[in-house]
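Novice: quick one: sequence plus predicted model below, questions after.
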Amino acid sequence: MPSDHPIVLGFDTSAAHCAVALLQGPETLAHRTEDMTRGQAERLMPLLEETLRDAGLAWRDLAAIGVGIGPGNFTGIRISVSAARGLSLGLGIPAIGVSGLEALTHGYSNVIACWPAPRDSAYVQAFVAGGDPSPRLVRSADDLPIYPAGALPSLVGPGAETVMALRPESVTDPLFPLPVAIASIAAERLQGVAAKDIPAPAPLYLKPADAAPSSTPPVAMLSSNHDA
């Protein structure tokens with residue numbers, strides 16, 4: 001598939017889905033999203049291979065990988081980030097981590113990204129000039145990001161309804177499917193940067209894990225000078 005643009009694979013499992021996209025420059029070659037509450041670990045690699053095959057491509061055609069790093073489901077984020085790092089090592093191409101909040105706002109300015117979080121809360125990040133850019137977990141109006149008076153940003157993303165209940169704002173829809181935005185942002189970051197200078201993707205967690213620490217005592221380790 002001749003083109004001056006590199007082919008980038010983007011994927012995400014940070015929520016109840018497996019989402020995949022293939023981009024070459026401004027062209028979306030393929031994208032698929034399968035809703036699922038569990039089974040992402042088993043489904044992700046076959047879905048990637050199916051998407052490549054349907055686009056008439058192979059792993060060797062890829063120039064880079066974009067992966068959603070969260071926030072979202074702890075296990076889901078680990079699944080996709082681990083897969084991206086493994087593919088990067090095996091294929092010898094960079095893997096680029098992209099926040100799902102940034103992906104929601106791709107193509108916009110002056111917006112607040114909103115992603116659902118457990119217990120009627122939301123993950124929020126303001127992309128507003130002069131505002132607080134820190135991503136955060138929002139449980140009450142006091143947690144909402146501060147931005148300059150008169151900025152009047154719109155909310156974007158599936159967590160907008162939760163934020164609307166705390167502070168009324170206008171709402172708009174994302175311009176791109178999530179995996180398409182992830183791949184597009186990864187392609188932008190790839191330009192003019194040496195692969196060795198691109199950091200490996202790492203999960204973005206905005207709250208501690210819900211699971212309680214294990215009560216099982218740690219395994220006793222034998223001393224290195226133990227006699228056999």
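Specialist: Perfect, I can see it now. Numbers count the residues shown, from 1 in each chain.
Novice: so where is this structure shaky, pLDDT-wise?
Specialist: 1-3, 208-228 (pLDDT under 70).
Novice: pull the distance from the helix or strand hosting Leu48 to the chain's centre.
Specialist: For Leu48, the element it lies in under DSSP states H and E is helix 40-54. Computed by Cα atoms, centre = their mean, to the nearest Å, the chain-centroid distance of helix 40-54 equals 17 Å.
Novice: ok, whichever helix or strand comes after that helix: who's next to it in the sheet?
Specialist: Moving toward the C-terminus from helix 40-54, the next helix or strand (DSSP H and E) is strand 64-68. When pairing is defined by DSSP bridges, strand 64-68 lines up against strand 7-12 (parallel), strand 95-98 (parallel).
Novice: will you turn those into CSV that also has mean neighbour count and distance to Glu49?
Specialist: Where C-beta positions appear, they are placed from N, C-alpha and C, glycine not excepted. Converted to CSV, the strands paired with strand 64-68 look like this (neighbours: other Cβ atoms under 10 Å; distance: least, Cβ to Cβ, whole Å):
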stretch, mean neighbour count, distance to Glu49
strand 7-12, 29, 11
strand 95-98, 26, 17
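Novice: among those, which is nearest Arg119?
Specialist: For Arg119, the closest of those is strand 7-12, at 22.3 Å, according to Cβ to Cβ.
Novice: and the strands in the protein?
Specialist: Counting by DSSP state E, the chain has strands at residues 7-12, 17-24, 27-35, 64-68, 95-98, 111-117, 121-127, 136-138, 154-156, 170-172.
Novice: how about the longest one: buried residues?
Specialist: What it means is strand 27-35. Within strand 27-35, the residues that count as buried by 16 or more other Cβ atoms under 10 Å are Thr28, Leu29, Ala30, His31, Arg32, Thr33.
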